[in-house]
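# here is a sequence with its predicted model. Questions after.
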Amino acid sequence: MTSADPVPRPEGRVEIPPHPRWPVLNPAAKTALTERIKALLHAQDAVLVAHYYTDGDLQALAEDTGGCVADSLEMARFGAASRARTLVVCGVRFMGETAKILNPEKRVLMPDLRATCSLDEGCPADAFGAFCDAHPDHRVVVYANTSAEVKARADWVVTSSIALAVVAHLKAQGEKILWAPDRHLGHYVERMTGAQMLIWDGACVVHEEFKAFALERVRKLHPTAAVLVHPEAPDDVVDQADVVGSTTQLIKAVAELPNPEFIVATDTGIFWKMQQVAPGKRLIPAPTIGVGATCESCAHCPWMAMNALQNLEAVLRRGDQEIQVDPAVAARAMIPIRRMLDFAQARGLGSRRETD
């Protein structure tokens, strides 16, 4: 069973920024900068939470200072469990918003509030609200990679590891389902569950660029490699995977599978953690090369790249990049988020860290 064609998104393209060109720090300068950041974190009773797709220096610093390196939902959960009064979120804006929704009493800072996400940008709240209004008989399921305003219109918020279970649950109840924003993840969920959904026409600018024909070539060059794919990738890339899963699930696969090599179709920022858990294994970026390509694999989010040691220090000194979420919006967004968390807990679905 398949859906109809994806729902057309509003006019206009997501503006993709160039990757920032941060100055290369020599070892002494990096050490000095890191020590200053550690002192600032301590002085401000702050804890650092970093996504798997951010720079390895930030991930290392988060772990070294008692912070958290994880997917977006675990970042927010960690913040809720922490006694720190300030959360510094190294990631993209929807992650900061989710952290604020789950931790309304805490100050939430980000190195750069302009760090957004193509899935979030491609699903504006007004247009999405109108789409929901046009289909009032559908249950609204939105991916975590959305704004607080979009989450506030949802019945369910899901991450990539729990999406299958939630949609299967709704299908068993005979519910009609409206899905947003990632069409590739939506199609994957449809195929795996047999559900039929109205799917918003959104995509991740990183995962959408993986090329199936080029992946076939790389697989022939590395016949012992396992192929790991995030379900935000196109169907013909997912079809070649040995493991399809969330960021945490892909990291777990590298650690547990016996293969000496892995071809990885997700943001290359994840390689830092993969190399940490499996230092003896070779990681190969899945190719994004195509007509007009300037690199073999360009799989790194330009918004994630806005996070760096330099602006992390700056925001701790100034405190001016603070996430704010309207309390009324946050209260409505908390309902579908809490529904997902309660659903996972009641069914014992995975660990706290196997989310998106």
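Structure's in. What do you need? Numbering: from 1, shown residues only.

# mind listing the strands for the stretch 251-356 of the chain?
261-265, 282-285 (DSSP state E, counting those that start in this stretch).

# list the buried ones in the first one?
So that's strand 261-265. Residues 262, 263, 264, 265 are the ones in strand 261-265 that count as buried (16 or more other Cβ atoms under 10 Å). Every residue, glycine included, has its C-beta placed from N, CA and C.

# and what of stretch 101-116?
Buried, per 16+ other Cβ under 10 Å, within stretch 101-116: 101-103, 106-113, 115-116.

# and for stretch 76-84?
Buried residues in stretch 76-84 (16+ other Cβ under 10 Å): 76, 77, 78, 79, 82, 84.

# ok, back up a step: in a markdown table: the buried residues of strand 261-265, plus distance to residue 40 and pLDDT.
As requested, the buried residues of strand 261-265 are arranged in a markdown table below (distance: Cβ to Cβ, whole Å; pLDDT from 0 to 100):
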| residue | distance to residue 40 | pLDDT |
| --- | --- | --- |
| 262 | 37 | 98 |
| 263 | 39 | 97 |
| 264 | 34 | 98 |
| 265 | 37 | 97 |
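
# rewinding a little: of the buried residues of stretch 101-116, which belong to helices?
Secondary structure defined by DSSP state H assigns 101, 102 of the buried residues of stretch 101-116 to helices.

# just the strands in the stretch 1-150 of the chain please.
With DSSP E, counting those that start in this stretch as the criterion, the stretch 1-150 of the chain has strands spanning 46-51, 68-70, 86-90, 107-109, 138-143.

# of these, which is nearest residue 123?
strand 138-143 (7.9 Å; Cβ to Cβ).

# what's the closest non-adjacent residue to residue 192?
Leaving aside its sequence neighbours, residue 192 sits nearest to residue 164 (Cβ to Cβ, 6 or more residues apart in numbering; 5.4 Å).

# need the contact list for that neighbour.
189, 192, 193 (Cβ atoms under 8 Å, 6 or more residues apart in numbering).

# which one of the buried residues of strand 261-265 is nearest residue 286?
Closest to residue 286, out of all of those and judged by Cβ to Cβ, is residue 265, at 3.7 Å.

# distance of residue 238 relative to residue 155?
Using Cβ to Cβ, to the nearest Å, we find residue 238 at a distance of 26 Å from residue 155.

# more crowded one of these two?
residue 238 (23 against 18; other Cβ atoms under 10 Å).

# residue 348 is nearest to which of the strands of the stretch 251-356 of the chain?
Minimum separation from residue 348 across the strands of the stretch 251-356 of the chain (Cβ to Cβ) falls at strand 261-265, 28.4 Å.

# tell me the strands beside that closest one, with direction?
The pairing partners recorded for strand 261-265 under DSSP bridges are strand 226-229 (parallel), strand 282-285 (parallel).

# pick the most deeply packed of those.
strand 226-229 (a mean of 24; mean count of other Cβ atoms under 10 Å).

# next helix or strand past that strand?
helix 235-238 (DSSP states H and E).

# what's the distance between the residue nearest to residue 192 and residue 150?
Taken as Cβ to Cβ, the span from residue 164 to residue 150 is 21 Å.

# please apply the same query to residue 22.
Residue 22 is 31 Å from residue 150, by Cβ to Cβ.

# more crowded one of the two?
residue 150 (28 against 15).

# ok, now which ones touch the more buried one?
By Cβ under 8 Å, 6+ apart, the contact set of residue 150 is 120, 123, 125, 128, 142, 180, 181.
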